[in-house]
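Undergrad: pasting a predicted model and its sequence here:
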Amino acid sequence: MTTLKIHDLETAPEASKPFLEQSQKTNGMIPGLHGVLAGAPGLLEGYQNLHKLFMDSSFDKDELTVVWQTINVEHECHYCVPAHTAIANMMKVDEHITKSLRNETPLENSKLEALRTFTLSMVRNRGNVAQADLQAFYDAGYGERQVLEVILGLSQKVISNYTNHIANTPVDAPFEKFAWKK
């Protein structure tokens, strides 16, 4: 199994250190994913910028969680599913939403289910969504901005999910209780 180096403030390239310092300040630790991303300073910076941009999107906390976890589960990311379960708990997302996403069961809220279904279509079809899928998303109350913001969230998750697959990043201790396997 391939692994990549997990950097800390001593081993990281100089250009990555300010981003790791920010991770430490924000999270009270340097998440393993950030330590791996630090091996390529531009990737760590890009990931953190995409995260901020997605957090500042038009989606609320439930919708952010739906996009993140739908992608994480579909990509079978052993690291991001537990991490985003913890994040959802910190954001006070209803645990029924989190459980449904982790178990790949439909969401009770029809608008959130439309977001989950559309996000899955985006991932599975690599952006080549059927007109019917797009229309169902619009009929649920979403618009063009949200289509583009799903792409933004997907961009962030491709970075983290693919990196974790290659790096075999160990799940951080605070997230271990949320371990997940498909």
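TA: Right, received. Where do you want to start?

Undergrad: for the helix or strand in which Val67 is found, list the C-alpha coordinates in CSV.
TA: For Val67, the enclosing helix or strand under DSSP states H and E is helix 61-74. Backbone C-alpha positions of helix 61-74 (Å, rounded to 0.1, in the frame of the first residue of the first chain) are rendered in CSV as follows:
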residue,chain,number,x,y,z
LYS,A,61,-24.6,23.6,7.3
ASP,A,62,-26.9,20.7,6.3
GLU,A,63,-26.3,21.2,2.6
LEU,A,64,-22.6,21.5,3.0
THR,A,65,-22.6,18.2,4.9
VAL,A,66,-24.8,16.6,2.2
VAL,A,67,-22.4,17.6,-0.6
TRP,A,68,-19.2,16.7,1.4
GLN,A,69,-20.4,13.3,2.7
THR,A,70,-22.1,12.2,-0.5
ILE,A,71,-18.8,12.7,-2.3
ASN,A,72,-16.7,11.2,0.5
VAL,A,73,-18.9,8.0,0.7
GLU,A,74,-19.1,7.6,-3.1
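
Undergrad: by contact count, what packs against it?
TA: In terms of contact count using 3 or more CB pairs under 8 Å, 6 or more residues apart in numbering; DSSP states H and E, helix 61-74 is assigned the packing partners helix 41-55, helix 80-90, helix 95-103, helix 110-124, helix 144-167. C-beta: built from backbone N, CA, C; applies to glycine.

Undergrad: and it, how far out from the chain middle?
TA: 7 Å (CA atoms, centre = their mean, to the nearest Å).

Undergrad: also stretch 53-68?
TA: Centre-to-centre, stretch 53-68 and its host chain are 10 Å apart (CA atoms, centre = their mean).

Undergrad: mind listing what's buried in it?
TA: Neighbour-count burial for stretch 53-68 flags 54, 57, 59, 61-68 (criterion: 16 or more other CB atoms under 10 Å).

Undergrad: what does stretch 7-18 give?
TA: The neighbour-count criterion (16+ other CB under 10 Å) identifies 7, 12, 16-17 as the buried residues of stretch 7-18.

Undergrad: skipping adjacent residues, who's closest to Leu134 in space?
TA: Spatial nearest neighbour of Leu134, chain neighbours left out: Val147 (7.2 Å); criterion: CB to CB, 6 or more residues apart in numbering.

Undergrad: could you pull up the residues touching that neighbour?
TA: 118, 134, 137 (CB atoms under 8 Å, 6 or more residues apart in numbering).
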